[in-house]
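Participant: I'll drop the sequence and a predicted model, then ask my questions.
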Amino acid sequence: MDIETVSHDLASFGPFFIDFPMSSLTTFKTGGPADFVIYPTSIEDAASVVRYALEKNIPLTVLGGGSNLVIGDSGIRGIVIRMAEDKVQTGRIEMMPDGRVWADACTKKRDLIEFAVSRGFGDCEFMVGVPGCIGGGIIMNAGTFMGNFIDILDSIVYVDRSGNIREIKVERGMAHYRGIDIPDASVVWGGFFSFKKKGEVSDLRAAVDAIVADRKAKHPQDPSAGSVFKNPEGHFSWKLVNDAGLKGRKVGGAMVSELHTNFIINAGGASSADIRELIALVQKTVHERFGIDLHPEVRIIGDN
């Protein structure tokens, strides 16, 4: 892969950066550099990047808000498409004539919550305090005990792995625990949402504020990726980790949170290798103590 040639070609598709530190784009604040990070200016540009990477045989990675993610200390080879709000791009939320709400993938969850609540819609309390952007929420079917993305999603607009722009109607059967099956999806560009529950704006704001306060009290505010492990059937991961005596366990700068034991935090100077090693230690210890396998909810990608 010739850096100058790829740089020249990518310039047609949006702002991009070379040798960009992933630690600045992840909530864990770890990860090495990516060869290229590009911000497509339109879905057509995103499709062009997908086709370009396919044609040139260049690895392609899609990165949302950087939560729920561990990127290797040696970074990511090839092209990273960044789908999150920052200084380079902002998300669009729009009320459609048919009553649905459109939200770009790069939109922050909290902005969609504010948009909905300000109009008296009360269907998105489940995403209050959940980090990251709408695209990642769609892909992960993010949620809590109060609900999930599948409850309010009407359709998804995305670029497939061949670089074609598609829209798919969402059916409940597409959803599973921490995932939505999108055929051959490469880049999720956004989604149409249907809100049904109505309420008084003041009551909805009070409910949101209460959820935020509760999450701040129960969840660590240190750099983390949110919940690390999926809940095994019939069990809570945090309780298994806690009962295995792992609260506060450290590997380098990575630590099992003392506030919520399904969180691993960057307690200071952690590397991605520290986090990966601590994840493996937790899995091994829980399996030895209880015979239960913990499967990571966080994605582990890149070079190590």
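Facilitator: Sure, I can see it.
Participant: separation between residue 101 and residue 242?
Facilitator: 39 Å (CB to CB, to the nearest Å). C-beta coordinates here come from the backbone N, C-alpha and C atoms, glycine included.
Participant: So the two - more neighbours on which side?
Facilitator: residue 101 (21 against 16; other CB atoms under 10 Å).
Participant: who does the more buried one bridge with?
Facilitator: Taking DSSP bridges as the rule, residue 101 bridges to residue 95, residue 193.
Participant: what's the burial count for the residue nearest to residue 75 when sequence neighbours are not counted?
Facilitator: Spatially, and ignoring its direct neighbours in sequence, residue 75 is nearest to residue 32 (3.2 Å; CB to CB, 6 or more residues apart in numbering). For residue 32, the tally of surrounding residues (other CB under 10 Å) stands at 19.
Participant: State the distance from residue 32 to residue 289.
Facilitator: Taking CB to CB, one finds residue 32 at 34 Å from residue 289.
Participant: need the strands for the stretch 201-304 of the chain, in chain order.
Facilitator: 224-227, 250-251, 254-256, 263-266, 299-301 (DSSP state E, counting those that start in this stretch).
Participant: What mean pLDDT does the last one get?
Facilitator: Average pLDDT, strand 299-301: 93.
Participant: and it, what other elements does it pack with?
Facilitator: Judged by 3 or more CB pairs under 8 Å, 6 or more residues apart in numbering; DSSP states H and E, the packing partners of strand 299-301 are strand 69-71.
Participant: how about the strands in the stretch 51-200 of the chain?
Facilitator: So, for the stretch 51-200 of the chain - with DSSP E, counting those that start in this stretch - the strands run 60-63, 69-71, 76-82, 93-95, 101-104, 143-144, 147-148, 153-160, 165-169, 175-176, 179-180, 185-193.
Participant: Now do the last one: distance to the chain's middle.
Facilitator: Centroid displacement of strand 185-193 relative to its chain, using CA atoms, centre = their mean, to the nearest Å, is 13 Å.
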